[in-house]
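1. I would like the atomic coordinates for the input below:
(2 chains, ligands or ions: 2)
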Amino acid sequence: MKISFKLNGKAQTVDVDGKTPLLWVIRDMLHLKGTKFGCGKAACGACTIHVNGDAVRSCSYATKFAEGKEITTIEGLSPSEDQLHPVQQAWIEEIVPQCGYCQPGFMMATAALLNKNPNPTDEDIDKSIINICRCATYYRMRKAIHRAAKLTQASLPATATDQTAEQIENTH
Amino acid sequence: MKKTYLFTQFIFLFILVMTVAFSPASTESTETVVTEHSVSTQNIDSQEKQASLAAFDEMMKVVMHKRCMNCHPSDDFPRQGEDSHLHYFGIERGKDGHGLPAAKCGTCHQTENNDYSGVPGAPHWHLAPRSMGWQGLSKAEVGAAILDKSKNGGRSLEDIIKHMTEDPLVLWVFDPGVNHEGTPREAPPISKEDYIKAVKKWAETGAHLPE
Ligand code: FES
Ligand code: FES
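-> Residues are numbered from 1 along each chain as shown, chains lettered A, B, ... in the order given. Ligands and ions are numbered 1, 2, ... in the order given. Below you'll find the predicted structure:
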């Protein structure tokens, strides 16, 4: 079946069995290799992408559900090639990756978390970022997530920053 | 004189007849008829109640099954699997029963079962509200919660029947797909058709609950 969606801002149409995991389509048909296969069981989070801004595990997402949706992978996380997303910037500053295999999934999950909760506590991080890192980089990741939250707020225009600060205020 | 005598006799007889006609014995016989009537009404009522309770037992074979109970926890953590263990990864209900940001139900569960990953799915996959937490309750207590508008989201009996017999998330339990190892999940012990029939029968016969 033909399925059309936007991938990292670009229109795409693929012709596949609708039940094919979107991860296969992204990696093997559209050749974006940043999204990783870890378990294929929606358990590890290595394959995390965004579907309309929400974190989704693409190994467990039938491609037919992508019809008409905005899909973002790690390759499309930053607004342009020469500008890093705050999560990417924080990851570099805190030197998070070890082998690196799980990291795109963690970064996508973190970006989705910060969209909903711009200033997460340690507890929020523990509860929402539930991907698996075999190298156990969790400690550096936690620092990077707090750093990314600060960078995100600093990068927002003044009025948006005020609004975010207000939102944060209201949630405490 | 004779006329006066006859008139007196007539009055006497009249009083006698009226006294007999409205005597307690006569009232008793009217009451007997009424009592017989209520006995037969009571019989019908009790037959209907029995039918309702039988239908309730039948439908509860589904409602109390792990496929339903796993997402009706009495705390904030979904269960999973045939042994109803706590959902892996520390998944929580969140504000609206749809999980937490970046760890929402929809992060892994879509609108249908996924046979590749073994992740179950159905439309609006989410946890039942805390007020509809059934774990640890008896069948009768679960039945009472189902009927209690303060717990069931303000649903009337009609709304409840519609929800129980038409909501695709409820009916998912009859087609629960395979698990992560490709093993079919256990479905409830009666068919979807028998369950729907039992729910409707329960409602039609007065939605009685066991005491
Ligand atoms: S590969 Fe998708 S969650 Fe592990
Ligand atoms: S950095 Fe190696 S698995 Fe996470």
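
2. what's the biggest helix by length in chain A in contact with?
-> Ranked by number of residues, the top helix in chain A under DSSP state H is helix A:138-155. Contacting residues not belonging to helix A:138-155 are listed as A:86-87, A:89-91, A:93-96, A:106, A:110, A:113-114, A:118-120, A:122, A:125, A:129, A:133, A:161, A:164-165 [CB atoms under 8 Å, 6 or more residues apart in numbering or on different chains]. C-beta here means a position set from N, CA and C on the backbone, and glycine is covered the same way.

3. what's the average pLDDT for it?
-> Average pLDDT, helix A:138-155: 95.

4. Can you show me the strands along chain B?
-> B:79-80, B:85-86, B:99-100, B:103-104 (DSSP state E).

5. Pull up the pairing partners for the third one, direction included.
-> Sheet partners assigned to strand B:99-100 using DSSP bridges are listed as strand B:103-104 (antiparallel).

6. same check, this time on the second one
-> Each strand that pairs with strand B:85-86, with its direction, by DSSP bridges: strand B:79-80 (antiparallel).

7. chain center to the partner strand: distance?
-> 24 Å (CA atoms, centre = their mean, to the nearest Å).

8. can the longest helix of chain A be found next to ligand 2?
-> No - between helix A:138-155 and ligand 2, judged by CB under 6 Å from any ligand atom, nothing touches; the nearest distance is 8.7 Å.

9. And for stretch A:98-117?
-> Yes - against ligand 2, stretch A:98-117 shows contacts by CB under 6 Å from any ligand atom at A:Q98, A:C99, A:G100, A:Y101, A:C102, A:Q103.

10. Surely the first one touches A:T137?
-> This means A:Q98. Yes - using CB atoms under 8 Å, A:Q98 is in contact with A:T137, at 5.4 Å.

11. Once you drop chain neighbours, what's closest to the residue minimising distance to the centre of chain A?
-> For chain A, A:M108 is the residue whose C-alpha lies nearest the centre (CA atoms, centre = their mean; 1.3 Å). Nearest residue to A:M108 in three dimensions, chain neighbours excluded: A:T48, at 4.3 Å (CB to CB, 6 or more residues apart in numbering or on different chains).

12. Could I get the phi/psi values of the one you found?
-> phi -70, psi 130 (degrees, to the nearest 10).

13. Go ahead and confirm it touches A:S60.
-> No - between A:T48 and A:S60 there is no contact under CB under 8 Å: 10.7 Å.

14. Between the two, which is the more surrounded one?
-> A:T48 (32 against 25; other CB atoms under 10 Å in any protein chain shown).

15. so what pLDDT did the nearest residue to A:H50 once chain neighbours are set aside get?
-> Distance criterion CB to CB, 6+ apart; nearest residue to A:H50, sequence neighbours excluded, is A:T72 at 4.0 Å. Per-residue pLDDT puts A:T72 at 98.

16. quick one: low-confidence parts of chain A?
-> Filtered on pLDDT under 70, chain A yields the residue ranges A:157-172.

17. The same query, at a cut-off of 90, please.
-> Within chain A, the ranges that satisfy pLDDT under 90 run A:79-82, A:154-172.

18. how about the helices in it?
-> Going by DSSP H, chain A shows helices at A:22-24, A:86-93, A:103-116, A:122-128, A:138-155, A:158-171.

19. Chain B too?
-> Using DSSP H, helices in chain B cover B:2-21, B:24-63, B:66-69, B:105-108, B:139-147, B:157-166, B:168-171, B:192-204.

20. which stretch in these has the least confidence?
-> Lowest mean pLDDT within the helices of chain B: helix B:2-21, at a mean of 49.

21. ok, so what distance separates the residue nearest to A:H50 from B:K49?
-> Using CB to CB, to the nearest Å, A:T72 is found at 58 Å from B:K49.

22. Looking at those two now, which is surrounded by more residues?
-> The residue with more neighbours, out of A:T72 and B:K49 and counting by other CB under 10 Å, is A:T72; that gives 19 against 14.

23. give the contact list for that one.
-> A:T72 sits in contact with A:L7, A:N8, A:I49, A:H50, A:G53, A:M108, where contact means CB under 8 Å, 6+ apart.

24. got it, and B:E48?
-> Contacts of B:E48 (CB under 8 Å, 6+ apart): B:T205, B:G206.

25. ok, now with 10 Å
-> The contact partners of B:E48, by CB atoms under 10 Å, 6 or more residues apart in numbering or on different chains, come to B:E204, B:T205, B:G206, B:H208.

26. one step back: mind checking how far the residue nearest to A:H50 is from B:E141?
-> A:T72 sits 46 Å away from B:E141, going by CB to CB.

27. before we move on, what about B:D175?
-> From B:D175 to B:E141 the distance is 28 Å (CB to CB).

28. Could you do B:I161 as well?
-> Taken as CB to CB, the span from B:I161 to B:E141 is 20 Å.
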